[in-house]
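**Student:** can't give you the sequence, but here's the structure:
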């Protein structure tokens, strides 16, 4: 058969391949998780939180972000933690960085937010424990941070630091 009649792969075929691999990975994790739960020597572990979010970065490369309290050890085996890593969105505007974090089941006074120029740390402890360190996409003024919490969603807004223009300074030659 000539190459003229050969079917070209469409973006949908590629997406189907990615989703099939993703489903196989989730099934593998579920099997390992069930093994771990059965071998927990009779003690109750839980609740369990696990999820993934797939996004396309600015460079066009897909990124898979895991969240929850099930983590992998260096050997690839699942490990259940009593600390939940919340789902986070980081939004960068022209003059500010906004962080949105899902923290259901926590009282407002139990949430601690710490900010530096490059990072924000969110920690909450109530009936559930949450912890997340977020590397920021731009330098921010930590003293400008404002946080609000409603219906299990934390929003932190930070003003970006003024970026100094790279024009430099003229140096007088003597």
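**Tutor:** The structure has been received and is ready for your questions. The model shown is predicted, which means the values in this text are computed figures rather than measured ones.
**Student:** which of the helices or strands spans residue 84?
**Tutor:** Using DSSP states H and E, residue 84 falls within strand 78-85.
**Student:** list the contacts of that strand.
**Tutor:** If you take CB atoms under 8 Å, 6 or more residues apart in numbering as the criterion, strand 78-85 is touched by 29, 32-33, 36, 45-46, 48-49, 66-73, 128-132. For every residue, glycine as well, the C-beta is placed using N, CA and C.
**Student:** mind redoing it with 6 Å?
**Tutor:** If you take CB atoms under 6 Å, 6 or more residues apart in numbering as the criterion, strand 78-85 is touched by 32-33, 36, 45, 49, 67, 69-71, 73, 129-132.
**Student:** do the same with stretch 96-107
**Tutor:** Contact with stretch 96-107 is made by 86-91, 120, 122, 124, 126-128, 130, 136, 140, 152-160, as judged by CB under 6 Å, 6+ apart.
**Student:** now the strand of greatest length in the chain against strand 78-85, angle please.
**Tutor:** The residue-count maximum for a strand in the chain (DSSP state E) belongs to strand 62-72. Angle between the axes of strand 62-72 and strand 78-85 is 110 degrees (criterion: axes from the mean of the first three to the mean of the last three CA atoms, to 10 degrees).
**Student:** now do strand 62-72, average pLDDT.
**Tutor:** Regarding strand 62-72, the rounded mean pLDDT is 79.
**Student:** of the contacts of stretch 96-107, buried ones?
**Tutor:** 86-88, 120, 122, 124, 128, 130, 136, 140, 154, 156-160 (16 or more other CB atoms under 10 Å).
**Student:** show the pLDDT at residue 158.
**Tutor:** 95.
**Student:** one more: residue 7?
**Tutor:** Looking at residue 7, its pLDDT stands at 64.
**Student:** report the two of the buried ones among the contacts of stretch 96-107 separated the most.
**Tutor:** Farthest apart among these by CB to CB are 128 and 160. That separation is 31.8 Å.
**Student:** just the buried ones from the contacts of strand 78-85, in PyMOL syntax?
**Tutor:** Of the contacts of strand 78-85, the buried ones go into a single PyMOL selection, burial set by 16+ other CB under 10 Å:
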select buried, resi 33+49+67+69+70+130+132
